[in-house]
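Enquirer: Quick check, what structure comes out for this input:
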Amino acid sequence: MFSVDKHNKINRLVRSSFKGIYIILKHEPKMFLRGVFFATLHGLSWGLQIVFAQRFFDVIGGLAFYEVPLMDILMALLKMVLAYSFVQIMNGVDSCHAIVLNSTMIRHTHSLVFERVKKLSGINFESSKRLDEIDKALRGSENLLSVTLTLTDIIFFYVTYFLFMSWYLFTLKPILSLSILIIFIPSLISYIVQISSFRKLEDKSAPLRRECDYYELCIADLKEPRLLGATKFFQRLYFDSLIKINQLVLKVVLRKNAITLILDIITTIGYGVIIYMIVVAVLNQSISVGAFAAVIMSISALFNFMSEVISERIGWAFENVGTVGNFLDFINEEEEVAKSRFIVENEDIIFKNVNFRYPEAKEYALNQINLTLKKGQTIAIVGENGSGKTTLCKLILGLYEPTTGEIYDTNKIELNDSLVQYSAIFQDYNRYKFSVKDNISISCSNYLTIDNEIEKLCEQAGLSLDSEHFSDGIHTMLGRDFDGIELSGGQWQRLAIARGLFRASDSIILDEPTSAIDPLEETRFYHSFMEICQERTALIVTHRLGSIKIVDRIIVLKKGSLIEDGTHDELMALNGEYRRLFESQSKWYT
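Expert: Below you'll find the predicted structure:
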């Protein structure tokens, strides 16, 4: 009757819901059990309201045939009012509890995604497909509870209510209990047919949604896009992506609404059949007038609940179960098996026949790298743009694994471990809206830092904490967002350098650390840096060659290959690539 694909989606909804229950029970068992109790009580409250309404109508109806004591009328009215009040109280309690549980569980589900992301190797973040998967997992993490509660509410609220009403209608007249099936079966069939490929919609819309988010950020940028007059360009890209998303959504929504119309027609016919049955029952005096009124109320409630559970709750769940599946697949996928670095005793870092290629790239970014980095050396890595300098550094740091070849090392490469022995300062450093002190000591937030230590690092990095600009010294808040001061590009870069120097490590990598600093200040910094790193292995990636003559060793890369290796004087004597690069810049330093 149903396609295999639709049957699989029903199974996926059930499986995802039970996995969701497991996750909720693991993190918030008491809240979940309270929710089950409230849902069951809520379902019973609706049934009790119908029962007490019938009794009140029967008492009022009896006034036409015999005298009814006033106290009986008042008691029947009081019970009906209390039953109605109980329904409203449970509406509020159940809804409020669901909102609290949802906000609590989003924190847990987001944490599960973040924990999984922390375990991914750096190469994952170079793949647009992988970024889409992370985006979809986060989206699914926010829908987990709602999809799960759809199943639990069906079991504990709707089934409780429908079973109670089936029993109640059966006691009035057995054939009336079929009214639930008359409403339920057409609705269920119609909405099972409605189950469409919402997961495919999510797969197609995720990259477009990320594009929209990116273009929106570009439009909101008040500096470069506005100065270049590029705002309209980004607006066009934004609306083009938005139109594509809307077209995908419109196609699915039109199909859903067409089936909803069929559902409404079928259910309305069923509703008419039920009314006909109870009218005949009253005329035959099979049920009382009070029971008639109560049944009309119950059928109306049944109609609304059936429409709610199938067209809204189950329909929404089918639309979003794909996102929940993305979340569950992501957090449950097998962890990557990192290639173990071979241990060496002399504490050097050794590359043997290392090749590296980025995801979806055809060419290698690094080719046959054979290299030994001696402990305690200060080494400069130079070359033109695209030569592989940053890629080499990320391999050294363990952010990437070599595609082929081997790396020998004694350093720990577990980036989530407190024993990481590397520190790095990249050109695209972060600008944290914290105080100067917190910006620098962020890598050891539990460490009781001494103010003098932070001030010394600022001095070594060339960041002058003058009292006029930094009114609170190292406690000065940075960034306009929190009423702090704004720094120049050079000042932010010096701050990032101080942050890298603060981290206790055996090796430190500086990737274009002085791009925003003038050449004279750059020379001063490198001399200071050499003194700081006497006990460390230090690697400096730079395009500007005038200040690196003082390093122990210079490695030259070109198109992913290591072509020269030696001191400044040795490489100048080779009259090769390094000399060409140096002489092309020499006029800057003469």
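
Enquirer: by contact count, what packs against the longest helix along the chain?
Expert: Among the segments of the chain that qualify as a helix by DSSP state H, the longest is helix 231-283. Applying 3 or more Cβ pairs under 8 Å, 6 or more residues apart in numbering; DSSP states H and E, one finds that helix 231-283 contacts helix 178-194, helix 198-220, helix 224-228, helix 289-307. Where you see a C-beta, it was placed from the backbone N, CA and C, and this is true even at glycine.

Enquirer: Please name every helix or strand in contact with the very next helix or strand once past the last one.
Expert: In other words, helix 289-307. Beyond helix 289-307 in the direction of the C-terminus, DSSP states H and E gives the next helix or strand as helix 315-332. Under the contact criterion of 3+ Cβ pairs under 8 Å, 6+ apart, helix 315-332 touches helix 4-27, helix 70-118, helix 128-153, helix 178-194, helix 198-220.

Enquirer: can you list the ones you listed in JSON lines and add distance to residue 551 and mean pLDDT?
Expert: JSON lines is the format used below for the helices and strands packed on helix 315-332 (distance: least, Cβ to Cβ, whole Å; pLDDT from 0 to 100):
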{"stretch": "helix 4-27", "distance to residue 551": "51", "mean pLDDT": "79"}
{"stretch": "helix 70-118", "distance to residue 551": "34", "mean pLDDT": "91"}
{"stretch": "helix 128-153", "distance to residue 551": "36", "mean pLDDT": "87"}
{"stretch": "helix 178-194", "distance to residue 551": "68", "mean pLDDT": "62"}
{"stretch": "helix 198-220", "distance to residue 551": "38", "mean pLDDT": "72"}
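
Enquirer: Quick check: which of the ones you listed is nearest to residue 316?
Expert: With distances scored as Cβ to Cβ, the stretch of the helices and strands packed on helix 315-332 nearest to residue 316 is helix 128-153 (7.4 Å).

Enquirer: Could I get the buried residue list for that closest one?
Expert: 132-153 (16 or more other Cβ atoms under 10 Å).

Enquirer: Run the chain-centre distance for it.
Expert: Relative to its chain's centre, helix 128-153 lies at 9 Å (Cα atoms, centre = their mean, to the nearest Å).

Enquirer: Just want the angle from it to helix 315-332.
Expert: Between helix 128-153 and helix 315-332, the angle comes out at 130 degrees (axes from the mean of the first three to the mean of the last three Cα atoms, to 10 degrees).

Enquirer: Mind giving me the packing neighbours of helix 128-153?
Expert: helix 4-27, helix 29-62, helix 70-118, helix 198-220, helix 315-332.

Enquirer: Could you list every helix and strand that the helix or strand following it packs against?
Expert: The helix or strand immediately downstream of helix 128-153 is helix 159-172, counting by DSSP H and E. Packing contacts for helix 159-172, counted by 3+ Cβ pairs under 8 Å, 6+ apart, involve helix 29-62, helix 178-194, helix 289-307.

Enquirer: where does residue 460 land in three-state SS?
Expert: Three-state call for residue 460 (DSSP: H, G, I helix; E, B strand; the rest coil): helix.

Enquirer: err, residue 386, not the other one
Expert: Residue 386 carries the three-state label coil when classified by three-state DSSP.

Enquirer: just residue 510 next, same as before
Expert: Classification of residue 510 using three-state DSSP returns strand.

Enquirer: and it, what are its bridge partners?
Expert: residue 425, residue 540 (DSSP bridges).

Enquirer: list the contacts for it?
Expert: Neighbour list for residue 510: 424, 425, 497, 500, 529, 538, 539, 540, 541, 542 [criterion: Cβ atoms under 8 Å, 6 or more residues apart in numbering].

Enquirer: my read: the last one touches residue 509, true?
Expert: No: with contact defined as Cβ atoms under 8 Å, residue 542 does not reach residue 509; the gap is 11.6 Å.

Enquirer: quick revisit: pipe the helices and strands packed on helix 315-332 into CSV and attach distance to residue 563 per row.
Expert: Output for the helices and strands packed on helix 315-332, formatted as CSV (distance: least, Cβ to Cβ, whole Å):
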stretch, distance to residue 563
helix 4-27, 53
helix 70-118, 37
helix 128-153, 32
helix 178-194, 63
helix 198-220, 37
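
Enquirer: Need the winner for burial among those.
Expert: Sort the helices and strands packed on helix 315-332 by mean neighbour count, taking mean count of other Cβ atoms under 10 Å, and helix 128-153 sits at the top with a mean of 20.

Enquirer: quick one: that one to helix 70-118, angle?
Expert: Interaxial angle of helix 128-153 relative to helix 70-118 (the same axes, to 10 degrees): 160 degrees.

Enquirer: So that it lines up with my notes, have the first residue be 310 from now on.
Expert: New numbering, starting at 310: the last item is helix 437-462.

Enquirer: re earlier: lowest-confidence one in the contacts of residue 819?
Expert: Lowest pLDDT within these is found at residue 838 (74).

Enquirer: Would you tell me what helix or strand it is located in?
Expert: Of the helices and strands defined by DSSP H and E, residue 838 is found in helix 828-841.
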